[in-house]
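**Student:** What follows is a protein structure lacking sequence information:
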């Protein structure tokens, strides 16, 4: 059942869709270890009950933590620095459903000149390896900086983030924590805040911001995998908690995907 649920997450399939896909795909049947001469594929209702069990017990977060512990023991995930960022995940804004209303846990937010309705995924990424170590989810109207303290590790020495995290060191949860207040926060400044220089002068301010961005760009790689490869561009369930459980599974899979692409393994270095 767990392998069937993983196939559903990786290929972004519905309960009925993954059942049909296993019948049609020899590779999926081999992955699940099913022999049609001896057993049938679990039906969509069985997968539904199994998924509700995972969501109710928070198994997705436990799965994510277990994978990360393996990465740390293998020496693949480093310590000392974190990159924080958030991305919007759209939700259906239509009211053409049985309840005639939108998901009450999703909210609207304006990004640039465009309004988005949905939720927001917040991640803490290891600055050295680019692997995700913490995942949180909120409604879309929750500001990035309010969740940032929960994305940091106690042994972090430096934190990178975009301009949405400006002023993070002044927040009460940061100042009141001896570990978090000792961290060096290298947050990108807004381009409008940078002073103008003459044509013949070296623009050191923009050079420093460029060096920050060169480290911070690692946070975009897991988002690309989850959204473009696993297809999680829109929420698949109602409510934040159910989608967070799936995000934990997807980001754990994204860590393993990035490790495999880099030619690494879970064996101790």
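**Tutor:** Yep, it's here. Please read these numbers as outputs of a predicted model, since none were measured by experiment.

**Student:** surely residue 157 meets residue 82?
**Tutor:** No: Residue 157 lies out of contact with residue 82 (Cβ atoms under 8 Å); the separation is 9.4 Å. For glycine as for every other residue, the C-beta is placed from the backbone atoms N, C-alpha and C.

**Student:** between the two, who's got more neighbours?
**Tutor:** Set residue 157 next to residue 82 and count neighbours by other Cβ atoms under 10 Å: residue 82 wins out with 26 against 13.

**Student:** In a strand, the more buried one, correct?
**Tutor:** Yes: applying DSSP: H, G, I helix; E, B strand; the rest coil, one finds residue 82 inside a strand.

**Student:** which SS state does residue 119 fall under?
**Tutor:** Put simply, residue 119 is strand when judged by three-state DSSP.

**Student:** Show me the beta-bridge partners of it.
**Tutor:** residue 89, residue 139 (DSSP bridges).

**Student:** ok, now which ones touch residue 29?
**Tutor:** 22, 36 (Cβ atoms under 8 Å, 6 or more residues apart in numbering).

**Student:** Show me where the stretch 101-250 of the chain has its strands.
**Tutor:** Along the stretch 101-250 of the chain, counting by DSSP state E, counting those that start in this stretch, strands occupy 107-111, 114-126, 132-139, 158-161, 184-187.

**Student:** For residue 28, find the nearest of those.
**Tutor:** strand 132-139 (26.0 Å; Cβ to Cβ).

**Student:** Contacts only, for the closest residue to residue 127 other than its chain neighbours.
**Tutor:** Closest residue to residue 127 in three dimensions, ignoring its sequence neighbours and counting by Cβ to Cβ, 6 or more residues apart in numbering: residue 81, at 3.2 Å. Each residue near residue 81 by Cβ under 8 Å, 6+ apart is listed here: 126-128, 156-160.

**Student:** If we use 7 Å, what do you get?
**Tutor:** 127-128, 156-158 (Cβ atoms under 7 Å, 6 or more residues apart in numbering).

**Student:** remind me which residues of the stretch 1-150 of the chain are low pLDDT?
**Tutor:** For the stretch 1-150 of the chain, no stretch has pLDDT under 70.

**Student:** Tell me how many other residues crowd residue 45.
**Tutor:** By other Cβ under 10 Å, the residues close to residue 45 number 11.
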